[in-house]
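Chemist: my questions are about this predicted structure, shown below with the sequence.
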There are 4 protein chains.
Amino acid sequence: MKLEGIYAPVPTPFESGGAGCIDFAAFRENMLKWAGSSLDGLVICGSNGELPFTSESERAFLTSAAKKILSELKSSKKVITGAFQQTTKDTVSCCASASRAGADAVLLLPPHYFKGQGERAAARFFMDVADASPIPVVLYNMPANTGVDMSAEAILDLAAHPNIIGVKDTSGNMTKFAYLASASDRPGLDFSVFCGSGNYFLPALSLGAAGGTLAVANLYPESCRKLLDAYRNGSTKEATLLQRRLLLASDAVTARFGIPGLKAAMDRAGLYGGPSRKPLLPLGKDEALKLEAMLEEADLDSFETWRL
Amino acid sequence: MKLEGIYAPVPTPFESGGAGCIDFAAFRENMLKWAGSSLDGLVICGSNGELPFTSESERAFLTSAAKKILSELKSSKKVITGAFQQTTKDTVSCCASASRAGADAVLLLPPHYFKGQGERAAARFFMDVADASPIPVVLYNMPANTGVDMSAEAILDLAAHPNIIGVKDTSGNMTKFAYLASASDRPGLDFSVFCGSGNYFLPALSLGAAGGTLAVANLYPESCRKLLDAYRNGSTKEATLLQRRLLLASDAVTARFGIPGLKAAMDRAGLYGGPSRKPLLPLGKDEALKLEAMLEEADLDSFETWRL
Amino acid sequence: MKLEGIYAPVPTPFESGGAGCIDFAAFRENMLKWAGSSLDGLVICGSNGELPFTSESERAFLTSAAKKILSELKSSKKVITGAFQQTTKDTVSCCASASRAGADAVLLLPPHYFKGQGERAAARFFMDVADASPIPVVLYNMPANTGVDMSAEAILDLAAHPNIIGVKDTSGNMTKFAYLASASDRPGLDFSVFCGSGNYFLPALSLGAAGGTLAVANLYPESCRKLLDAYRNGSTKEATLLQRRLLLASDAVTARFGIPGLKAAMDRAGLYGGPSRKPLLPLGKDEALKLEAMLEEADLDSFETWRL
Amino acid sequence: MKLEGIYAPVPTPFESGGAGCIDFAAFRENMLKWAGSSLDGLVICGSNGELPFTSESERAFLTSAAKKILSELKSSKKVITGAFQQTTKDTVSCCASASRAGADAVLLLPPHYFKGQGERAAARFFMDVADASPIPVVLYNMPANTGVDMSAEAILDLAAHPNIIGVKDTSGNMTKFAYLASASDRPGLDFSVFCGSGNYFLPALSLGAAGGTLAVANLYPESCRKLLDAYRNGSTKEATLLQRRLLLASDAVTARFGIPGLKAAMDRAGLYGGPSRKPLLPLGKDEALKLEAMLEEADLDSFETWRL
């Protein structure tokens, strides 16, 4: 499997009653819509899928459902499943069940609660899991959530492992990203570097990113695609203007308002957002108004004809 | 329940083979020894008990085993159980099972993977769980592990809840600790402030801490007791000298070498330490030598007659 | 010179008109009052003296004025002068002029604008200056202002230099402070460890601090003295209660409201505070009210009879 | 004045003896070479010019010398002078003397030693200086050196001031950069957003940067120019490859080895680098070898024909 293009890290839909059960009907509805978009793939139970709030079996079930729908529609979109668990053993188990459920690859955070053993322990963890996983592993550097920022050196050491196929970097550090993306072109190295936020998708592309897993691509995959195409066609001015619009939408559904913001924006866009699992809280009124204003200003909805 | 005195956050013992199963016989052996010490209580499945690596049922089982042993020995030592889970619902469930297993209280981290909603979401989480928990709640501020540092204001707002009886603060911030400890003496407020590290137990006592939950108290409870008594008797010089010795042992089994260090030190002391669950790695040779040197320099073993 | 006891880092008084000239008459008035207190010494042009806003000649002039007043009054109080400049050469020059002005020692920050060469460059800087300075050097670790946090190891390496007599640590890190204070008692090592904030003066004393340089001691030296005496007499309860009251006053004139807060509190206390040099701004109205409330709650004024 | 294109923040050359005197002959030699390059401008006494180590008169003298040489050569290159001093008054004075010396604009850090009053004090500082300065002001956000990271909101509020013409942002935060660059295109707003590091020059261009002030442009201005042209011509692949090569050179002379690295690289390139003022130390042997290896790997020297 080659990691390339635009992926949406899909939110996990929960029933509106507040009991926190997964709403599989809503998931199916969303999937049917996304299947009609130009997305290259979907991430199930990544951070935006409330990864730490989901169990191994929930992850497997959602993966299986997603693959089934894609298969019914003869879609070639890929599915990557968030498989991180706190222990190596549970993570290996989660890779196995994701594989059985049909995932094309797994996405793995580094261990992060106990930070004292640093990159030595993280490297051992990734090697152990990559050795054991039946499907390829994508590393996931997400310091804002984990408090751990993997170095370019550590990531590139792991890139040599035949079952580690890429990294999703959400550090926002362009120096690091540049070192990673440069190395990814080394002859013989099969390793993709993915941008983890729509806030800086174009800067990442300019450094040679193979693509991105972007929360904003749940809502605006065609806008992301236009940006990607504009950049690759050398229409740099157009790309700049698209990135600026994308920034507003992306920032609103990530750093500013988080998953509750993303879900509110999905409800607004005719997808199912619904509530998050607690302890996440719904948006307050002022937050909802600011979110709406940012999406209005981004003014990207007209590109997204697949939503209809 | 009134939180007071010296608690040991006991490590969770795993079988030596590496399969990661809990070694209940070893747990019993350790418990029998600790029961003979002057500890006021034990914390099961706190950070040092590899909290994030243990399941709800493991936590309940260990709690139940601990209570049974203490009851057999007619010991009045308290048992507090780490009950944090990533979702509010799972945390409430864990409080209930800890209660059924006999825990006197639960210890709760704030939510920390998604940080965007800050103290508002944390407050809601703690209120929801405290409302639902059959047993009292102790807040646990541990920024080195969680990346979240609760403010004194937020903690003191929660202190008013009748089912929240205290906080274990491991921030190391003495200004915060002083504000917390000052407030804990307000008439009508039943709230204890506990120090979370033996590195600064005496400084915390000097500000009015009700006690401490100290990793080093797994090994050196009588040393901690002597320090506490010296301070309370006004033997401040003796207390200073004891704190300096305790620092070496405490730092070695926390910030320097973490849980693998604590477990190695337990093996050295005639308790069962054993391996940690992966991704935690055993100490390297140099680390083991440095640990030994720090414990030798601390020279506290002679106070610990209960180990024999 | 042996660094011991309670020092006030005195603010530099500026004329009320806003032109930023030093008000030497006001300085003399303040000095005459402080001379009547139980302070062991004064720091001229430390952080609270707006160190980075003062020139070498201003520092020398204030030092000289302070020594003259103390000499007139046959006071044995010590004077330490802030001598840090951005370059090694200018710092050496400032040490020389402080010495000529009569300073008993100089206080020195580590280099901090260019951080890339870390503790190696800092060590070289301190060694060069200590070699050249005619009077002893006190190290000054102040990470909140400099962004550089010196390690205990680096500080203790420098402690061996015969012309480096102590450290003022304002990191608030009690583990570091404990390592420093422990080492300061090594036989043959003439090195004092001073606490840099009244927020945690008692915790620092409990670890063996030789004293403190405390912004709050400009206003409440007798309260600090009572705390010190209570602690040394083993009246630990009294010490705890005094520390809690001191915390409110200390926090108000440091972290909360900074030098403008300290100066406003001095005006309130019958000393000359006056304006700060810009870019520092005067307190806003709400800040002034909060400051007043904190000082009222601290309720320490009655101890300070020297102010009359 | 419109801030646009590629600027080199030139190092301040000191005599090789170690006394720390400015080597004006060397400065002239360097200037004559840079005048033959395609640089749009030079920054005198910016961070790379050892700003905090230089006096107001040194800054004015270097500015005047630079302008004189450019005038002799009928060069239209601009000169911006670092005018930050610790107080508002000294900064205003420095702006005036830079203006008298012929500077086209001044570059200003925010106040940063006392951080408690935050953006309110910084805004007042910039407004006061911009009101008083005879020449335009460029804001300079450089958190790695100052410990202060100005928000996009604060910067854009200041952008409305008629005498504030741009910002050099060296935070590396692409979300912030995107907000700044987006706003800089608002009709009626005359405000340029400059990238402050060659490590991410292309990402910044992709967001609409007007140019950059790049340490690496002291050595590789034509390489920077080629990158800029490639990007603007839509040759995005070429731009990516150039950025990757530039990264190695840029990183080596900034984050990795700092000003001593930059000066060593200048000596290597036939320009005068020489020593830095202490406390900066020369490169160690291993550092020099690593620097050489990185510059070799970057392999950009052949573009720089102006050096001959």
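Modeler: The structure has been received and is ready for your questions.

Chemist: every contact and neighbour count from this point should use C-alpha atoms.
Modeler: OK.

Chemist: interface residues of the stretch 101-250 of chain A facing chain B?
Modeler: Contacts of the stretch 101-250 of chain A with chain B, taken as CA under 8 Å from any CA of the partner chain, map to A:111-117, A:121-122, A:124-125, A:144-147.

Chemist: what about residue A:225, how many residues nearby?
Modeler: Neighbourhood size, residue A:225 [other CA atoms under 10 Å in any protein chain shown]: 18.

Chemist: picking up where we left off before, and the two most separated of the residues of the stretch 101-250 of chain A next to chain B?
Modeler: A:124 and A:144 (22.4 Å; CA to CA).

Chemist: looking at the residues of the stretch 101-250 of chain A next to chain B, which are in helices?
Modeler: A:121-122, A:124-125, A:144-146 (DSSP state H).

Chemist: return the member of those nearest to residue D:275.
Modeler: Nearest to residue D:275 among these: residue A:144, at 39.5 Å, using CA to CA.

Chemist: report the mean confidence score over stretch A:272-287.
Modeler: The average pLDDT within stretch A:272-287 is 97.

Chemist: re the thing from before, now the ones in helices among the residues of the stretch 101-250 of chain A next to chain B in TSV, with neighbour count, pLDDT and distance to residue D:162?
Modeler: Formatted as TSV, those follow (neighbours: other CA atoms under 10 Å in any protein chain shown; pLDDT from 0 to 100; distance: CA to CA, whole Å):
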residue	neighbour count	pLDDT	distance to residue D:162
A:121	21	96	54
A:122	22	97	52
A:124	17	98	56
A:125	24	98	56
A:144	17	97	37
A:145	19	98	41
A:146	21	98	43
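
Chemist: the strands in the stretch 151-300 of chain A, which residues?
Modeler: Secondary structure of the stretch 151-300 of chain A (DSSP state E, counting those that start in this stretch): strands at A:164-169, A:192-195, A:211-213.

Chemist: got the contact list for the shortest one?
Modeler: Meaning strand A:211-213. With contact meaning CA atoms under 8 Å, 6 or more residues apart in numbering or on different chains, strand A:211-213 is reached by A:3-9, A:43, A:168, A:193-198, A:201, A:205.

Chemist: now, which of the residues you listed lie close to chain C?
Modeler: Okay, of these, nothing touches chain C (CA under 8 Å from any CA).

Chemist: in helices only, show me the residues you listed.
Modeler: A:201, A:205.

Chemist: among the contacts of strand A:211-213, the buried ones, what's the ChimeraX command?
Modeler: To isolate in ChimeraX the members of the contacts of strand A:211-213 that are buried, counting by 16 or more other CA atoms under 10 Å in any protein chain shown, one can use:
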select /A:3,4,5,6,7,8,9,43,168,193,194,195,196,197,198,201,205
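
Chemist: measure the nearest residue to residue A:78 once chain neighbours are set aside to residue A:73 for me?
Modeler: Excluding the flanking residues, the one nearest residue A:78 by CA to CA, 6 or more residues apart in numbering or on different chains is residue A:41, at 4.3 Å. Counting by CA to CA, to the nearest Å, the gap from residue A:41 to residue A:73 is 14 Å.

Chemist: among the residues of the stretch 101-250 of chain A next to chain B, which one sits closest to chain D?
Modeler: residue A:144 (13.4 Å; CA to the nearest CA).
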